[in-house]
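Colleague: predicted model, plus sequence, below.
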Protein chains: 2
Amino acid sequence: MARRPVTTAKSPSDLDARKATILDAVVAEHIDTAQPVGSSSVATIAHLAVSPATVRSEMVALEREGYLAQPHTSAGRVPTDKGYRYFVDHLKSGAVSSAQQVQVRDFFANVRGEVEDVLEQTSSLLSRLTNYTSVVVAAGHSHATILNVQLVSLDARHQILVTVFSDGAVVKHSVVSSFDASFEEVAEASRQLNALLVSTNLEDRVQVPSRTDPVATLVREAASVLFAERPTADGDQVFIGGSSRVAEVFDGVETVRKVLSILEQELLVVSLIQDILDQGLSVAIGSEHGYEALSACAVIVAPITIDGENAGAVGLLGPTRMKYPEALAAAAMVSAQLTRHFDRDDDLG
Amino acid sequence: MARRPVTTAKSPSDLDARKATILDAVVAEHIDTAQPVGSSSVATIAHLAVSPATVRSEMVALEREGYLAQPHTSAGRVPTDKGYRYFVDHLKSGAVSSAQQVQVRDFFANVRGEVEDVLEQTSSLLSRLTNYTSVVVAAGHSHATILNVQLVSLDARHQILVTVFSDGAVVKHSVVSSFDASFEEVAEASRQLNALLVSTNLEDRVQVPSRTDPVATLVREAASVLFAERPTADGDQVFIGGSSRVAEVFDGVETVRKVLSILEQELLVVSLIQDILDQGLSVAIGSEHGYEALSACAVIVAPITIDGENAGAVGLLGPTRMKYPEALAAAAMVSAQLTRHFDRDDDLG
DNA sequence: CGTTGGCACTCGGTAGAATGGAGTGCTAAT
DNA sequence: ATTAGCACTCCATTCTACCGAGTGCCAACG
């Protein structure tokens, strides 16, 4: 892991070696200090055997080409989103500190419990590892087949429909029947639903009986609730870890508010992550994803696969000046371990 | 609704009428302006036919008694937690604006879907209504009886145990069997589990068969997973709405961070709410709940009951200088409507 | 040519100093 | 008991000066 290209390197404009070094130094330093960085600092840091003046003239070029910006005349330079992009694209993939490696391995060696709990805790882990807010998305089960359906009577007019999918997901639906249904009718409906639905998936709209006897009616009503399912989400689940980091990591109440507000809308988060993956990126910087409110953010994404199938993704949300090498490495490591965890889980099963 | 005493009025130290009026004015004004309030403002606002000088001498008394504090000499007064407490205890319960009443009624007239979704949306509603962060807690089903148990085979070594409770809750457990179980064995185990567990609840530790045949083993393994259940939470569910409000409403990054960090820990939130209810309060101000990190907060709580039974609570989290009348009224209204919603739901079922 | 030292200039940040004003506490008079 | 009067305090704001980091430009240099 971690020796794949960090993102799709669509290197149209490759900078000459010295410009690249300078840009790199500016970005790295700015990430470190959060301050505009000046020509003399760069000259020192980058171990270039040139004077600040030379660096300066290179920097005007870099600014003209859109990699750097000046907050105001006579301040140092700050990277633009394009600058960060270059930095990220040309990153030698960083290593996770061995202490962290141990931490992650320990974690996966010891987690128990339901998938949901594991993912929740993973999100928390990733956030602790990086000090950024973490997002774990578990892909929905739209293509999973139904293993079992159970209709359970709560009272005469209320039933609970429980559906178990082949990926282990369990979904509950409340059914309100149009007539008083007896225990026997519910039990019979349950049997028929099973016969009808097992090994289908939600995409195939199974034909339900059109008869008008109580049991058939019940079957129809239950099935319709099941198929009414989520016009929006595919049943994706979202686990957000370390949302309090938002307050540490961004400055400006307004930014914090905006980001939190986005995080509240899980559907939005899912499509954000999905969009980034669809673009073939592993990092989206500033406005690269379309989300206005997140223009101060960078988002790191790493997919999770189970048995080669897309099973979701882990994400990290930080300021554009986030610590990319560490964060990328952490995300990659966690996603890999997660993938392995679930694969292995199946193996020894 | 809304004409019950706002909290347990344990009025030991009742202030004389004028002091009360003054305190009231100070608190109200400070809530409004977030500024220390001076004697002359009070004299004006409170419609007291006395001069600022008189107000001043009353204020020194109120300060001595711990209701008010001065940020520094020659600033106005600010309420202490004790001051807020008095204010809240002597509040004429405020009315919800009729526009909001309509909004709430509309909401409850139109919500559909699973209980969880309703609660989630309710939390969001309450937050929008008040501009504070809202918490909705749904009490666990520890006392609910089991209606149905289903063991479903995923593969030879993995089964899913689905339990349906009389309150409509559905809980899923992954079971990893110690041997390769056939479909038939799983099905038989499922039957036996049903026979064994239906109409019991999780408190009664049902005796499981000690035989060593495959089916009995499976039954034992499944049951043990079920009973291993939550040493911590009672399966309470927490829905937090408007966490982004935290950023608007508190000042100081550190405070925001602390509050968000608390909100992340759902177990903690549950016990916070529970503690407050146990104290018989409907508002906890500053350090009245024991949570250090929330000393800048006030928490409003209103219980939800279904058929007279405690079914959870709604809560609001704001700064100590929150708009108590509105917030209390909104919380009361929403909790009442929620209660009615679920009761009515049962009626017309 | 690219590189560099020199230099004037810019502009944000900070530290004082001055000022204004809101609010107090005290006191003496009613 | 109330209150007008008054001296005092102290915070917030404004203004100033100024320092210094950093720039852009230019002339000189290899």
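Modeller: The structure has been received and is ready for your questions.
Colleague: helices of chain A, start to end?
Modeller: A:17-33, A:39-45, A:52-64, A:81-89, A:98-110, A:115-130, A:183-197, A:214-228, A:245-249, A:253-264, A:266-278, A:324-347 (DSSP state H).
Colleague: between those, which one is nearest to DNA strand D?
Modeller: Taking Cβ to the nearest atom of the strand, helix A:39-45 is the member of the helices of chain A nearest to DNA strand D, at 3.4 Å. All C-beta atoms are positioned from the backbone trio N, CA, C, and that covers glycine.
Colleague: so which bits of the stretch 51-200 of chain A are right by chain B?
Modeller: Proximity of the stretch 51-200 of chain A to chain B is confined to A:113-115, A:147-148, A:150, A:152-158, A:160, A:162, A:164, A:166, A:168, A:170, A:172-174, A:176 under the rule Cβ under 8 Å from any Cβ of the partner chain.
Colleague: and those, which of them are in strands?
Modeller: A:147-148, A:150, A:152-155, A:158, A:160, A:162, A:164, A:170, A:172-174, A:176 (DSSP state E).
Colleague: give me the buried subset of those residues.
Modeller: A:147-148, A:150, A:152-154, A:158, A:160, A:162, A:164, A:170, A:172-174 (16 or more other Cβ atoms under 10 Å in any protein chain shown).
Colleague: what's the farthest-apart pair in these?
Modeller: Greatest spatial distance in those: A:Leu147 and A:His158, 24.2 Å, computed using Cβ to Cβ.
Colleague: name the nearest residue to the closest residue to DNA strand D within the stretch 1-150 of chain A, ignoring sequence neighbours.
Modeller: Nearest residue of the stretch 1-150 of chain A to DNA strand D, counting by Cβ to the nearest atom of the strand: A:Gly38, 2.8 Å away. Distance criterion Cβ to Cβ, 6 or more residues apart in numbering or on different chains; nearest residue to A:Gly38, sequence neighbours excluded, is A:Gly76 at 3.9 Å.
Colleague: burial check on that neighbour, number of neighbours?
Modeller: 20 (other Cβ atoms under 10 Å in any protein chain shown).
Colleague: find the centremost residue of chain A, please.
Modeller: A:Gly315 (3.6 Å; Cα atoms, centre = their mean).
Colleague: surely it and A:Tyr132 touch.
Modeller: No. A:Gly315 is beyond contact range of A:Tyr132, at 9.6 Å (criterion: Cβ atoms under 8 Å).
Colleague: re the thing from before, show me the contacts for the residue nearest to A:Gly38.
Modeller: Counting by Cβ atoms under 8 Å, 6 or more residues apart in numbering or on different chains, A:Gly76 touches A:Gln35, A:Pro36, A:Val37, A:Gly38, A:Ser39, A:Ser41, A:Gln70.
Colleague: among those, name the buried ones.
Modeller: A:Pro36, A:Val37, A:Gly38, A:Ser39, A:Ser41.
Colleague: which two among those are spaced furthest apart?
Modeller: So, those by Cβ to Cβ: farthest apart are A:Pro36 and A:Ser39, at 11.0 Å.
Colleague: close enough to count as contact, A:His143 and A:Ala169?
Modeller: No. Using Cβ under 8 Å, A:His143 makes no contact with A:Ala169, being 11.4 Å away.
Colleague: more neighbours: which of these two?
Modeller: Of the pair A:His143 and A:Ala169, A:Ala169 is the one with more neighbours under other Cβ under 10 Å, namely 19 against 14.
Colleague: local confidence estimate at that one?
Modeller: What the model reports for A:Ala169 is a pLDDT of 93.
Colleague: excluding its backbone neighbours, what's nearest it?
Modeller: A:His141 (4.5 Å).
Colleague: would you agree that neighbour is in contact with A:Val170?
Modeller: No. Using Cβ under 8 Å, A:His141 is not in contact with A:Val170, being 9.9 Å away.
Colleague: residues shared between the contacts of these two?
Modeller: Joint contacts of A:His141 and A:Val170 (Cβ under 8 Å, 6+ apart) do not exist.
Colleague: got any ranges where the stretch 1-150 of chain A has weak pLDDT?
Modeller: For the stretch 1-150 of chain A, the stretches flagged by pLDDT under 70 are A:1-13.
Colleague: also the stretch 201-349 of chain A?
Modeller: Within the stretch 201-349 of chain A, the segments meeting pLDDT under 70 span A:230-233, A:344-349.
Colleague: got the residues of it near chain B?
Modeller: So the stretch 201-349 of chain A meets chain B at A:241-244, A:246-248, A:251, A:253, A:256-258, A:260-261, A:263-264, A:346, A:349 (Cβ under 8 Å from any Cβ).
Colleague: list only buried entries from those.
Modeller: Here, 16+ other Cβ under 10 Å leaves A:241-244, A:246-248, A:253, A:256-258, A:260-261, A:263-264 buried among these.
Colleague: out of those, which two sit at the greatest distance?
Modeller: A:Gly241 and A:Val253 (22.4 Å).
Colleague: any idea how far the residue of the stretch 1-150 of chain A closest to DNA strand D is from B:Val118?
Modeller: 57 Å (Cβ to Cβ, to the nearest Å).
Colleague: one more: A:Gln265?
Modeller: For A:Gln265, the distance to B:Val118 - Cβ to Cβ - is 18 Å.
Colleague: follow-up on the earlier one: neighbours around the residue nearest to A:Ala169, how many?
Modeller: 22.
Colleague: about what we covered before: quickly compare the helices of chain A and say which is most buried.
Modeller: Comparing those by mean neighbour count (mean count of other Cβ atoms under 10 Å in any protein chain shown), helix A:245-249 ranks first with a mean of 24.
Colleague: CA atoms of that one as PDB?
Modeller: Provided in PDB are the C-alpha atoms of helix A:245-249 (Å, rounded to 0.1, in the frame of the first residue of the first chain):
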ATOM      1  CA  ARG A 245     -11.900  19.000  15.500                       C
ATOM      2  CA  VAL A 246     -13.700  21.400  13.200                       C
ATOM      3  CA  ALA A 247     -13.500  24.000  15.800                       C
ATOM      4  CA  GLU A 248      -9.800  23.600  16.300                       C
ATOM      5  CA  VAL A 249      -8.800  23.400  12.800                       C
END
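Colleague: tell me what it is packed against?
Modeller: Under the contact criterion of 3 or more Cβ pairs under 8 Å, 6 or more residues apart in numbering or on different chains; DSSP states H and E, helix A:245-249 touches strand A:133-138, helix A:253-264, strand A:309-319, helix B:253-264.
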